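Visitor: generate a structure from the sequence data that follows.
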Amino acid sequence: MKRSALFLFSIVISRSWSILAEPTITCPTDKSGKSLTDWRTAAIQKLVTSNASFTPFTEVQSDLKECFGEKVPSCMSDLKYYAHYKPNPISSYNVDEIYNKSMELQSENFLPKELTVSNVVGEVIKGYVKIPANFHELAKEKNWLTTSYKTRELGGFDSSNNLFIMVFPSEKRDTVLQLSVAKDANPFASAFDPVIRPHNGNMTQGFDILTMITVDKTKNPPVAQLRILQKDPTQENTYFWNPATTNTSGARACISCHASPFRAISPVGYKFTNHIKTDFFNGEEKPMDAEQKAMTDKINEIMNRPGVSWGSTEKDGREIRFGQDIDSQPWGWAPPDSPTRKKEFIEQCASERQAIIGSSRAGGHYRVELNPDINAPISWEKISKAMNCVSCHNGKNRGVIHNEFSPSTVAFKIAITREMPESDDPENPLPPDLNADERMALVWCLKKERTQVAQAWKESGWWMQRSKCK
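Guide: This is a model prediction of the structure:
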(Lines give C-alpha, C1' and ligand atoms only; values in the text may rest on other atoms or scores of the structure.)
Protein backbone atom coordinates (compact mmCIF):
# COMPACT_ATOMS: atom_id res chain seq x y z
CA MET A 1 0.00 0.00 0.00
CA LYS A 2 2.82 2.33 0.92
CA ARG A 3 4.55 1.55 -2.38
CA SER A 4 1.35 2.31 -4.32
CA ALA A 5 0.89 5.60 -2.51
CA LEU A 6 4.51 6.53 -3.14
CA PHE A 7 4.18 5.63 -6.84
CA LEU A 8 0.97 7.69 -7.12
CA PHE A 9 2.68 10.62 -5.37
CA SER A 10 5.61 10.49 -7.80
CA ILE A 11 3.21 10.56 -10.78
CA VAL A 12 1.49 13.63 -9.36
CA ILE A 13 4.83 15.36 -8.81
CA SER A 14 6.07 14.41 -12.29
CA ARG A 15 2.88 15.62 -13.92
CA SER A 16 2.96 18.85 -11.91
CA TRP A 17 6.59 19.40 -12.97
CA SER A 18 5.79 18.79 -16.61
CA ILE A 19 3.05 21.40 -16.40
CA LEU A 20 5.40 23.87 -14.73
CA ALA A 21 8.13 23.14 -17.27
CA GLU A 22 5.90 23.67 -20.30
CA PRO A 23 8.08 25.74 -22.67
CA THR A 24 7.02 29.31 -23.32
CA ILE A 25 8.24 28.87 -26.93
CA THR A 26 6.83 25.76 -28.60
CA CYS A 27 9.60 23.25 -29.24
CA PRO A 28 10.45 22.63 -32.92
CA THR A 29 8.71 19.59 -34.38
CA ASP A 30 11.84 18.58 -36.28
CA LYS A 31 15.54 19.35 -36.22
CA SER A 32 15.79 20.87 -39.69
CA GLY A 33 17.84 24.03 -40.15
CA LYS A 34 14.72 26.08 -40.84
CA SER A 35 12.89 24.84 -37.73
CA LEU A 36 15.88 25.50 -35.51
CA THR A 37 16.37 28.95 -37.03
CA ASP A 38 12.70 29.84 -36.54
CA TRP A 39 12.83 28.72 -32.90
CA ARG A 40 16.04 30.65 -32.27
CA THR A 41 14.57 33.77 -33.89
CA ALA A 42 11.56 33.59 -31.54
CA ALA A 43 13.83 33.19 -28.51
CA ILE A 44 16.07 36.08 -29.58
CA GLN A 45 13.06 38.32 -30.10
CA LYS A 46 11.92 37.50 -26.60
CA LEU A 47 15.26 38.50 -25.12
CA VAL A 48 15.85 41.71 -27.06
CA THR A 49 12.37 42.99 -26.16
CA SER A 50 12.69 42.11 -22.47
CA ASN A 51 12.58 45.78 -21.36
CA ALA A 52 15.20 45.25 -18.64
CA SER A 53 13.28 42.33 -17.12
CA PHE A 54 15.25 39.16 -16.44
CA THR A 55 12.15 36.94 -16.53
CA PRO A 56 12.42 36.28 -20.30
CA PHE A 57 16.03 35.19 -19.79
CA THR A 58 15.13 32.57 -17.18
CA GLU A 59 12.25 31.43 -19.40
CA VAL A 60 14.54 31.00 -22.41
CA GLN A 61 17.01 29.11 -20.22
CA SER A 62 14.19 26.76 -19.24
CA ASP A 63 12.90 26.47 -22.83
CA LEU A 64 16.33 25.54 -24.13
CA LYS A 65 16.63 22.78 -21.56
CA GLU A 66 13.08 21.54 -22.12
CA CYS A 67 13.39 21.47 -25.92
CA PHE A 68 17.00 20.40 -26.40
CA GLY A 69 18.24 18.96 -23.12
CA GLU A 70 21.68 19.73 -21.73
CA LYS A 71 23.39 19.78 -25.16
CA VAL A 72 21.83 22.41 -27.42
CA PRO A 73 22.44 22.52 -31.20
CA SER A 74 25.71 24.31 -31.98
CA CYS A 75 23.87 27.23 -33.58
CA MET A 76 22.16 27.85 -30.23
CA SER A 77 25.38 28.08 -28.18
CA ASP A 78 25.55 31.91 -28.30
CA LEU A 79 21.85 32.14 -27.44
CA LYS A 80 22.31 29.83 -24.45
CA TYR A 81 25.36 31.77 -23.31
CA TYR A 82 23.60 35.13 -23.55
CA ALA A 83 20.49 33.85 -21.75
CA HIS A 84 22.69 32.94 -18.77
CA TYR A 85 25.16 35.80 -19.13
CA LYS A 86 22.87 38.83 -19.11
CA PRO A 87 21.19 38.25 -15.71
CA ASN A 88 24.56 37.20 -14.21
CA PRO A 89 27.40 39.04 -15.99
CA ILE A 90 30.89 37.66 -15.56
CA SER A 91 31.95 41.00 -14.06
CA SER A 92 30.58 39.62 -10.80
CA TYR A 93 33.49 37.14 -10.80
CA ASN A 94 37.22 37.63 -10.24
CA VAL A 95 38.05 37.03 -13.89
CA ASP A 96 41.83 37.22 -13.40
CA GLU A 97 41.69 34.44 -10.80
CA ILE A 98 39.40 32.28 -12.95
CA TYR A 99 41.59 32.86 -15.99
CA ASN A 100 44.77 31.89 -14.14
CA LYS A 101 43.19 28.68 -12.80
CA SER A 102 41.95 27.73 -16.27
CA MET A 103 45.43 27.88 -17.82
CA GLU A 104 46.51 24.47 -19.06
CA LEU A 105 50.05 25.29 -20.19
CA GLN A 106 52.02 25.98 -17.03
CA SER A 107 55.39 24.60 -18.05
CA GLU A 108 57.83 26.03 -20.58
CA ASN A 109 59.03 22.61 -21.82
CA PHE A 110 57.53 23.35 -25.25
CA LEU A 111 59.99 26.24 -25.75
CA PRO A 112 63.48 25.68 -27.16
CA LYS A 113 65.71 24.37 -24.36
CA GLU A 114 67.92 27.45 -24.69
CA LEU A 115 65.03 29.55 -23.28
CA THR A 116 64.14 27.28 -20.36
CA VAL A 117 65.53 27.14 -16.83
CA SER A 118 66.31 23.71 -15.37
CA ASN A 119 66.98 22.40 -11.88
CA VAL A 120 70.06 20.41 -10.85
CA VAL A 121 68.65 17.18 -12.29
CA GLY A 122 67.81 18.77 -15.63
CA GLU A 123 64.03 19.15 -15.17
CA VAL A 124 62.42 22.26 -16.65
CA ILE A 125 61.28 24.62 -13.88
CA LYS A 126 57.70 25.78 -14.37
CA GLY A 127 57.06 29.46 -14.94
CA TYR A 128 60.60 30.53 -15.91
CA VAL A 129 61.90 31.84 -19.25
CA LYS A 130 65.49 32.93 -19.88
CA ILE A 131 66.53 35.04 -22.89
CA PRO A 132 70.13 34.02 -23.69
CA ALA A 133 72.54 36.86 -24.37
CA ASN A 134 73.52 35.24 -27.70
CA PHE A 135 69.87 34.85 -28.76
CA HIS A 136 70.31 36.53 -32.15
CA GLU A 137 73.25 34.27 -33.07
CA LEU A 138 71.19 31.22 -32.01
CA ALA A 139 68.22 32.49 -34.03
CA LYS A 140 70.27 32.61 -37.22
CA GLU A 141 71.74 29.16 -36.54
CA LYS A 142 68.38 27.55 -35.77
CA ASN A 143 66.18 29.58 -38.16
CA TRP A 144 64.03 30.99 -35.36
CA LEU A 145 61.57 33.70 -36.32
CA THR A 146 62.62 36.89 -34.59
CA THR A 147 63.06 40.58 -35.24
CA SER A 148 63.85 43.74 -33.30
CA TYR A 149 61.80 46.67 -34.45
CA LYS A 150 60.49 50.13 -33.71
CA THR A 151 56.76 50.10 -33.33
CA ARG A 152 54.47 52.65 -34.93
CA GLU A 153 51.82 51.69 -32.43
CA LEU A 154 51.39 51.33 -28.70
CA GLY A 155 54.52 49.52 -27.62
CA GLY A 156 54.71 46.98 -24.82
CA PHE A 157 54.05 47.28 -21.10
CA ASP A 158 57.34 49.12 -20.66
CA SER A 159 57.68 52.60 -22.15
CA SER A 160 59.92 51.98 -25.13
CA ASN A 161 59.27 52.05 -28.85
CA ASN A 162 61.99 49.42 -29.38
CA LEU A 163 60.55 45.91 -29.23
CA PHE A 164 62.04 42.46 -29.53
CA ILE A 165 59.69 39.67 -30.69
CA MET A 166 60.34 35.91 -30.81
CA VAL A 167 57.97 33.46 -32.55
CA PHE A 168 58.16 29.67 -32.20
CA PRO A 169 55.63 27.86 -34.39
CA SER A 170 55.10 24.10 -34.14
CA GLU A 171 52.57 21.48 -35.17
CA LYS A 172 50.52 21.68 -31.98
CA ARG A 173 51.15 25.20 -30.73
CA ASP A 174 52.53 28.60 -31.64
CA THR A 175 54.28 30.66 -28.98
CA VAL A 176 55.09 34.36 -29.21
CA LEU A 177 57.27 36.23 -26.72
CA GLN A 178 57.84 39.97 -26.73
CA LEU A 179 59.72 42.41 -24.54
CA SER A 180 60.82 46.04 -24.69
CA VAL A 181 64.51 46.85 -25.03
CA ALA A 182 66.24 50.15 -24.33
CA LYS A 183 65.39 53.20 -26.41
CA ASP A 184 67.74 54.72 -28.94
CA ALA A 185 69.97 57.47 -27.60
CA ASN A 186 67.77 60.03 -29.39
CA PRO A 187 64.41 58.24 -29.80
CA PHE A 188 62.52 61.22 -31.25
CA ALA A 189 65.24 62.12 -33.76
CA SER A 190 65.56 58.48 -34.91
CA ALA A 191 61.83 57.67 -35.00
CA PHE A 192 61.94 57.54 -38.81
CA ASP A 193 64.62 54.79 -38.88
CA PRO A 194 63.47 51.12 -38.81
CA VAL A 195 66.77 49.93 -37.30
CA ILE A 196 66.84 49.95 -33.51
CA ARG A 197 70.01 51.11 -31.75
CA PRO A 198 69.50 50.71 -27.98
CA HIS A 199 71.49 53.32 -26.10
CA ASN A 200 73.01 50.59 -23.90
CA GLY A 201 73.98 48.47 -26.92
CA ASN A 202 72.06 45.44 -25.59
CA MET A 203 69.60 43.91 -28.09
CA THR A 204 68.18 41.23 -25.74
CA GLN A 205 68.06 42.86 -22.31
CA GLY A 206 64.47 43.77 -21.53
CA PHE A 207 62.83 45.85 -18.85
CA ASP A 208 60.35 44.48 -16.31
CA ILE A 209 57.80 42.57 -18.42
CA LEU A 210 57.93 39.66 -20.85
CA THR A 211 54.65 38.91 -22.60
CA MET A 212 54.08 35.32 -23.70
CA ILE A 213 51.07 34.08 -25.69
CA THR A 214 50.75 30.41 -26.58
CA VAL A 215 48.13 29.19 -29.06
CA ASP A 216 46.93 25.61 -28.64
CA LYS A 217 46.20 24.47 -32.20
CA THR A 218 44.88 21.07 -31.09
CA LYS A 219 41.64 22.79 -30.07
CA ASN A 220 38.92 23.87 -32.51
CA PRO A 221 38.85 26.81 -32.63
CA PRO A 222 42.46 27.38 -31.48
CA VAL A 223 42.73 28.83 -27.97
CA ALA A 224 45.37 31.31 -26.79
CA GLN A 225 46.82 31.59 -23.33
CA LEU A 226 48.36 34.81 -22.03
CA ARG A 227 51.08 35.03 -19.43
CA ILE A 228 52.62 38.24 -18.17
CA LEU A 229 56.06 37.35 -16.81
CA GLN A 230 58.04 39.62 -14.50
CA LYS A 231 61.79 40.06 -14.40
CA ASP A 232 63.61 37.94 -11.85
CA PRO A 233 65.96 40.27 -9.93
CA THR A 234 68.20 37.34 -8.94
CA GLN A 235 68.92 35.96 -12.43
CA GLU A 236 70.08 37.87 -15.49
CA ASN A 237 67.65 38.08 -18.44
CA THR A 238 65.26 35.70 -16.66
CA TYR A 239 61.51 36.18 -16.24
CA PHE A 240 59.06 34.29 -14.05
CA TRP A 241 55.34 33.72 -13.87
CA ASN A 242 53.57 33.20 -10.56
CA PRO A 243 49.90 32.33 -11.14
CA ALA A 244 49.00 33.73 -7.73
CA THR A 245 50.37 37.20 -8.41
CA THR A 246 51.76 37.85 -11.88
CA ASN A 247 48.60 37.73 -13.99
CA THR A 248 46.32 39.20 -11.35
CA SER A 249 46.69 42.73 -12.68
CA GLY A 250 46.58 43.28 -16.39
CA ALA A 251 45.35 39.97 -17.77
CA ARG A 252 41.69 40.94 -17.57
CA ALA A 253 42.36 44.30 -19.21
CA CYS A 254 44.31 42.58 -22.00
CA ILE A 255 41.75 39.91 -22.82
CA SER A 256 38.74 42.20 -22.50
CA CYS A 257 40.21 44.78 -24.89
CA HIS A 258 42.18 42.62 -27.33
CA ALA A 259 39.43 40.70 -29.08
CA SER A 260 42.08 38.55 -30.79
CA PRO A 261 45.12 37.28 -28.88
CA PHE A 262 47.41 37.95 -31.82
CA ARG A 263 47.52 40.93 -34.10
CA ALA A 264 50.01 41.83 -36.78
CA ILE A 265 52.96 43.99 -35.81
CA SER A 266 53.43 47.33 -37.57
CA PRO A 267 57.11 48.27 -37.47
CA VAL A 268 58.46 51.58 -38.70
CA GLY A 269 59.20 51.32 -42.42
CA TYR A 270 57.01 48.27 -43.04
CA LYS A 271 55.01 48.16 -46.32
CA PHE A 272 54.65 51.96 -46.61
CA THR A 273 56.02 55.18 -45.17
CA ASN A 274 54.42 58.19 -43.49
CA HIS A 275 55.54 61.75 -42.97
CA ILE A 276 56.64 61.97 -39.31
CA LYS A 277 56.35 65.28 -37.52
CA THR A 278 57.73 65.80 -34.01
CA ASP A 279 59.61 68.61 -32.28
CA PHE A 280 62.86 66.76 -33.08
CA PHE A 281 62.21 65.41 -36.59
CA ASN A 282 60.13 66.45 -39.55
CA GLY A 283 60.53 64.21 -42.57
CA GLU A 284 59.80 60.91 -44.28
CA GLU A 285 59.83 57.53 -42.60
CA LYS A 286 62.58 55.30 -43.98
CA PRO A 287 61.58 51.95 -45.58
CA MET A 288 62.95 48.82 -43.90
CA ASP A 289 65.30 46.61 -45.86
CA ALA A 290 64.19 43.50 -47.76
CA GLU A 291 65.54 41.06 -45.15
CA GLN A 292 63.65 42.65 -42.25
CA LYS A 293 60.50 42.93 -44.36
CA ALA A 294 60.67 39.23 -45.27
CA MET A 295 61.02 38.29 -41.59
CA THR A 296 58.15 40.60 -40.59
CA ASP A 297 55.97 39.03 -43.30
CA LYS A 298 56.66 35.54 -41.88
CA ILE A 299 55.87 36.65 -38.33
CA ASN A 300 52.66 38.41 -39.38
CA GLU A 301 51.51 35.33 -41.27
CA ILE A 302 51.36 33.60 -37.88
CA MET A 303 50.02 36.65 -36.03
CA ASN A 304 47.16 36.90 -38.54
CA ARG A 305 45.92 33.36 -37.96
CA PRO A 306 42.08 33.56 -38.09
CA GLY A 307 39.70 32.11 -35.54
CA VAL A 308 41.96 32.22 -32.45
CA SER A 309 40.05 32.98 -29.23
CA TRP A 310 40.83 33.53 -25.56
CA GLY A 311 38.81 30.41 -24.74
CA SER A 312 36.36 29.70 -21.94
CA THR A 313 35.94 27.72 -18.74
CA GLU A 314 33.22 26.47 -16.37
CA LYS A 315 32.32 28.16 -13.10
CA ASP A 316 29.31 27.45 -10.87
CA GLY A 317 27.81 25.24 -13.56
CA ARG A 318 27.95 27.91 -16.26
CA GLU A 319 30.22 28.81 -19.15
CA ILE A 320 32.59 31.75 -18.70
CA ARG A 321 33.98 33.15 -21.94
CA PHE A 322 37.11 35.25 -21.80
CA GLY A 323 37.14 38.41 -23.86
CA GLN A 324 34.71 41.23 -24.52
CA ASP A 325 31.02 41.20 -23.57
CA ILE A 326 29.08 39.11 -26.07
CA ASP A 327 26.62 41.92 -26.86
CA SER A 328 29.24 44.69 -27.18
CA GLN A 329 28.35 46.78 -30.24
CA PRO A 330 30.92 46.30 -33.02
CA TRP A 331 32.40 48.97 -35.21
CA GLY A 332 31.28 48.49 -38.78
CA TRP A 333 27.91 46.83 -38.09
CA ALA A 334 24.70 48.12 -39.63
CA PRO A 335 21.28 46.55 -40.22
CA PRO A 336 20.41 45.39 -43.76
CA ASP A 337 19.82 48.22 -46.21
CA SER A 338 20.93 50.78 -43.65
CA PRO A 339 20.87 54.44 -44.75
CA THR A 340 24.33 54.74 -43.16
CA ARG A 341 25.75 52.84 -46.14
CA LYS A 342 23.99 55.01 -48.72
CA LYS A 343 25.26 57.93 -50.76
CA GLU A 344 23.57 60.74 -48.83
CA PHE A 345 24.85 59.68 -45.40
CA ILE A 346 28.40 58.92 -46.55
CA GLU A 347 28.83 62.08 -48.60
CA GLN A 348 27.62 64.11 -45.62
CA CYS A 349 29.90 62.49 -43.04
CA ALA A 350 32.82 62.51 -45.50
CA SER A 351 32.40 66.27 -45.89
CA GLU A 352 32.70 66.56 -42.08
CA ARG A 353 35.90 64.47 -41.83
CA GLN A 354 38.45 65.78 -39.40
CA ALA A 355 42.22 65.74 -39.09
CA ILE A 356 43.73 62.65 -37.53
CA ILE A 357 46.82 62.92 -35.37
CA GLY A 358 48.29 59.63 -34.23
CA SER A 359 51.27 58.88 -32.06
CA SER A 360 52.66 55.76 -30.41
CA ARG A 361 52.01 55.32 -26.71
CA ALA A 362 55.66 54.48 -26.09
CA GLY A 363 56.82 58.06 -25.62
CA GLY A 364 55.00 59.43 -28.66
CA HIS A 365 58.14 59.12 -30.78
CA TYR A 366 56.22 58.15 -33.91
CA ARG A 367 53.78 60.96 -34.70
CA VAL A 368 51.78 61.42 -37.90
CA GLU A 369 49.37 64.25 -38.67
CA LEU A 370 46.81 63.90 -41.48
CA ASN A 371 44.79 66.93 -42.55
CA PRO A 372 41.82 66.88 -44.95
CA ASP A 373 42.38 68.03 -48.51
CA ILE A 374 39.15 69.65 -49.71
CA ASN A 375 40.12 68.91 -53.33
CA ALA A 376 40.83 65.20 -52.80
CA PRO A 377 38.58 62.77 -54.72
CA ILE A 378 36.18 60.87 -52.45
CA SER A 379 34.32 57.75 -53.60
CA TRP A 380 31.28 57.11 -51.39
CA GLU A 381 30.97 53.61 -52.92
CA LYS A 382 34.49 52.63 -51.79
CA ILE A 383 33.85 53.99 -48.31
CA SER A 384 30.52 52.15 -48.09
CA LYS A 385 32.16 48.81 -48.94
CA ALA A 386 35.01 49.44 -46.50
CA MET A 387 32.58 50.14 -43.62
CA ASN A 388 31.50 46.49 -43.39
CA CYS A 389 34.03 45.62 -40.68
CA VAL A 390 31.93 42.75 -39.28
CA SER A 391 32.27 40.76 -42.50
CA CYS A 392 35.71 39.81 -41.14
CA HIS A 393 35.68 41.06 -37.52
CA ASN A 394 32.75 38.87 -36.52
CA GLY A 395 34.14 36.93 -33.57
CA LYS A 396 34.67 33.88 -35.76
CA ASN A 397 37.25 34.89 -38.37
CA ARG A 398 38.60 37.93 -36.53
CA GLY A 399 37.85 39.42 -33.15
CA VAL A 400 35.00 41.91 -32.92
CA ILE A 401 36.07 45.59 -32.85
CA HIS A 402 33.95 46.16 -29.78
CA ASN A 403 33.03 48.94 -27.35
CA GLU A 404 36.30 48.76 -25.40
CA PHE A 405 38.29 49.71 -28.49
CA SER A 406 39.44 53.31 -28.25
CA PRO A 407 38.25 55.42 -31.22
CA SER A 408 41.79 56.78 -31.47
CA THR A 409 43.11 53.23 -31.87
CA VAL A 410 40.61 52.54 -34.66
CA ALA A 411 41.62 55.80 -36.37
CA PHE A 412 45.31 54.96 -35.97
CA LYS A 413 44.86 51.54 -37.60
CA ILE A 414 42.71 52.80 -40.47
CA ALA A 415 44.45 56.05 -41.33
CA ILE A 416 48.00 55.90 -39.94
CA THR A 417 49.21 52.28 -40.05
CA ARG A 418 46.61 51.30 -42.70
CA GLU A 419 46.20 47.80 -41.25
CA MET A 420 42.44 48.09 -41.58
CA PRO A 421 40.46 47.28 -43.51
CA GLU A 422 42.37 44.22 -44.70
CA SER A 423 39.79 43.85 -47.44
CA ASP A 424 36.30 45.06 -48.30
CA ASP A 425 35.19 41.70 -49.66
CA PRO A 426 35.69 38.40 -47.73
CA GLU A 427 35.55 36.51 -51.04
CA ASN A 428 38.31 38.68 -52.53
CA PRO A 429 40.73 39.43 -49.67
CA LEU A 430 42.65 42.35 -51.12
CA PRO A 431 43.18 45.69 -49.34
CA PRO A 432 40.84 48.39 -50.68
CA ASP A 433 42.47 51.21 -52.62
CA LEU A 434 41.65 54.17 -50.35
CA ASN A 435 43.46 57.49 -50.45
CA ALA A 436 44.29 59.38 -47.25
CA ASP A 437 41.11 61.49 -47.35
CA GLU A 438 38.93 58.44 -47.96
CA ARG A 439 40.53 56.82 -44.91
CA MET A 440 39.83 59.94 -42.81
CA ALA A 441 36.25 59.88 -44.12
CA LEU A 442 35.94 56.15 -43.31
CA VAL A 443 36.95 56.79 -39.69
CA TRP A 444 34.45 59.64 -39.33
CA CYS A 445 31.60 57.75 -41.02
CA LEU A 446 32.16 54.69 -38.81
CA LYS A 447 32.00 56.92 -35.71
CA LYS A 448 28.78 58.58 -36.87
CA GLU A 449 27.25 55.25 -37.85
CA ARG A 450 27.82 53.70 -34.40
CA THR A 451 25.62 56.34 -32.82
CA GLN A 452 22.95 56.12 -35.50
CA VAL A 453 22.55 52.32 -35.39
CA ALA A 454 23.00 51.81 -31.63
CA GLN A 455 19.32 51.08 -30.98
CA ALA A 456 19.04 48.84 -34.05
CA TRP A 457 22.02 46.89 -32.72
CA LYS A 458 20.32 46.24 -29.38
CA GLU A 459 17.19 45.03 -31.15
CA SER A 460 19.03 42.86 -33.70
CA GLY A 461 20.32 40.03 -31.52
CA TRP A 462 23.10 39.67 -34.11
CA TRP A 463 25.49 38.30 -31.49
CA MET A 464 23.22 35.27 -30.99
CA GLN A 465 22.91 34.30 -34.65
CA ARG A 466 26.45 34.25 -36.00
CA SER A 467 26.28 30.49 -36.62
CA LYS A 468 23.96 29.03 -39.23
CA CYS A 469 21.49 26.31 -38.15
CA LYS A 470 21.85 23.26 -40.34
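
Visitor: end-to-end on stretch 236-254?
Guide: 27 Å (C-alpha to C-alpha, to the nearest Å).

Visitor: can you check stretch 180-193 too?
Guide: 17 Å.

Visitor: next one: stretch 146-159
Guide: Span of stretch 146-159 from end to end, C-alpha to C-alpha: 21 Å.

Visitor: please apply the same query to stretch 22-35.
Guide: 19 Å.

Visitor: now stretch 78-95
Guide: Terminal residues of stretch 78-95 are spaced 20 Å apart (C-alpha to C-alpha).

Visitor: contacts for that stretch, please.
Guide: 40, 43-44, 47, 54, 57-58, 60-61, 64, 72, 252, 256, 315, 318-322, 325-327, 463-467 (C-beta atoms under 8 Å, 6 or more residues apart in numbering). For every residue, glycine as well, the C-beta is placed using N, CA and C.

Visitor: what is the distance between that stretch and the centre of its chain?
Guide: Relative to the centre of its chain, stretch 78-95 is centred 19 Å away, using C-alpha atoms, centre = their mean, to the nearest Å.

Visitor: over to stretch 61-77?
Guide: The answer for stretch 61-77 is 28 Å, by C-alpha atoms, centre = their mean.

Visitor: just stretch 444-451 next, same as before
Guide: With C-alpha atoms, centre = their mean, you get 21 Å for stretch 444-451.

Visitor: where exactly do the helices run in the stretch 1-150 of the chain?
Guide: 2-20, 33-48, 55-68, 77-85, 95-102, 135-142 (DSSP state H, counting those that start in this stretch).

Visitor: okay, now the unreliable bits of the stretch 251-400 of the chain?
Guide: 251-252, 361-363 (pLDDT under 70).

Visitor: where along it do the helices fall?
Guide: Ranges of helices within the stretch 251-400 of the chain are 251-257, 290-303, 343-351, 380-386, based on DSSP H, counting those that start in this stretch.

Visitor: adding mean pLDDT, write the helices of the stretch 1-150 of the chain out as TSV.
Guide: Shown next, in TSV, are the helices of the stretch 1-150 of the chain (pLDDT from 0 to 100):
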stretch	mean pLDDT
helix 2-20	40
helix 33-48	96
helix 55-68	95
helix 77-85	94
helix 95-102	81
helix 135-142	94
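
Visitor: quick one: which of the helices of the stretch 251-400 of the chain is nearest Gly33?
Guide: Nearest to Gly33 among the helices of the stretch 251-400 of the chain is helix 380-386; the distance by C-beta to C-beta comes to 29.3 Å.

Visitor: ok, and what's touching that closest one?
Guide: Counting by C-beta under 8 Å, 6+ apart, 341-343, 346-347, 350, 421, 424-425, 432-434, 438, 441-442, 445 sit against helix 380-386.

Visitor: and stretch 106-124, how far apart are its ends?
Guide: 11 Å.

Visitor: same thing with stretch 187-196?
Guide: Start-to-end, stretch 187-196 (C-alpha to C-alpha) is 9 Å.

Visitor: tell me which residues in it are buried?
Guide: 187-188, 190-194, 196 (16 or more other C-beta atoms under 10 Å).

Visitor: among the residues you listed, which two are most distant?
Guide: Comparing all pairs in the buried residues of stretch 187-196 by C-beta to C-beta, the longest separation belongs to Phe188 and Pro194, at 15.5 Å.

Visitor: excluding its backbone neighbours, what's nearest Met76?
Guide: Arg40 (6.1 Å; C-beta to C-beta, 6 or more residues apart in numbering).

Visitor: who's in contact with the one you found?
Guide: 75-76, 79, 464-465, 469.

Visitor: and these as CSV, adding neighbour count and distance to Phe240?
Guide: Converted to CSV, those look like this (neighbours: other C-beta atoms under 10 Å; distance: C-beta to C-beta, whole Å):
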residue, neighbour count, distance to Phe240
Cys75, 18, 43
Met76, 22, 43
Leu79, 23, 42
Met464, 24, 42
Gln465, 17, 44
Cys469, 20, 47
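
Visitor: show me the longest strand that occurs in the chain.
Guide: In the chain, assigned by DSSP state E, the strand with the most residues is strand 206-216.

Visitor: and that strand, what does it pack against?
Guide: Strand 206-216 is packed against strand 173-181, strand 223-231, strand 238-240, with contacts defined by 3 or more C-beta pairs under 8 Å, 6 or more residues apart in numbering; DSSP states H and E.

Visitor: who's in contact with that strand?
Guide: By C-beta under 8 Å, 6+ apart, strand 206-216 touches 104-105, 110, 129, 131, 156-158, 160, 164, 172-181, 222-231, 237, 239, 241, 261-262, 305, 308.

Visitor: chain center to stretch 359-372: distance?
Guide: Relative to its chain's centre, stretch 359-372 lies at 23 Å (C-alpha atoms, centre = their mean).

Visitor: how long is that stretch from one end to the other?
Guide: 18 Å.

Visitor: now do the buried residues in it.
Guide: Buried, per 16+ other C-beta under 10 Å, within stretch 359-372: 359-360, 362, 365-368, 370, 372.

Visitor: element containing the closest residue to Gly307 other than its chain neighbours, please.
Guide: Distance criterion C-beta to C-beta, 6+ apart; nearest residue to Gly307, sequence neighbours excluded, is Pro221 at 4.4 Å. Pro221 belongs to no helix or strand when assigned by DSSP states H and E.

Visitor: quick one: contacts for Pro221?
Guide: 307-309, 396.

Visitor: can you check Thr417 too?
Guide: 152-153, 266.

Visitor: by neighbours, which of these wins?
Guide: Counting neighbours by other C-beta atoms under 10 Å, Arg152 comes out on top of the contacts of Thr417 with 30 neighbours.

Visitor: relative to Ser92, how far out is it?
Guide: Distance of Arg152 to Ser92, computed by C-beta to C-beta, to the nearest Å: 38 Å.

Visitor: quick check: domain ranges of the protein?
Guide: For the chain, the structural domains run 16-88, 97-275+286-314, 324-464, going by automatic domain parsing.

Visitor: out of the helices of the stretch 1-150 of the chain, which is closest to Phe405?
Guide: That would be, of the helices of the stretch 1-150 of the chain and by C-beta to C-beta, helix 95-102, which comes in at 18.7 Å.

Visitor: what number of residues lie near Val167?
Guide: A count of neighbours around Val167, defined by other C-beta under 10 Å, yields 21.

Visitor: try the one 4 residues further on
Guide: Other residues lying near Glu171 total 7 when counted by other C-beta under 10 Å.

Visitor: pLDDT score assigned to it?
Guide: pLDDT recorded at Glu171 is 90.

Visitor: going forward, the N-terminal residue is numbered 47.
Guide: OK, 47 is where the count begins now, so the last one is Glu217.

Visitor: and stretch 118-133, end to end?
Guide: 20 Å.

Visitor: stretch 418-438 too?
Guide: Taking C-alpha to C-alpha, stretch 418-438 runs 28 Å from one end to the other.

Visitor: who's in contact with the closest residue to Asn449 other than its chain neighbours?
Guide: Among residues not flanking Asn449 along the chain, Ser374 sits closest, at 4.5 Å (C-beta to C-beta, 6+ apart). Residues near Ser374 by C-beta under 8 Å, 6+ apart: 446, 448-450.
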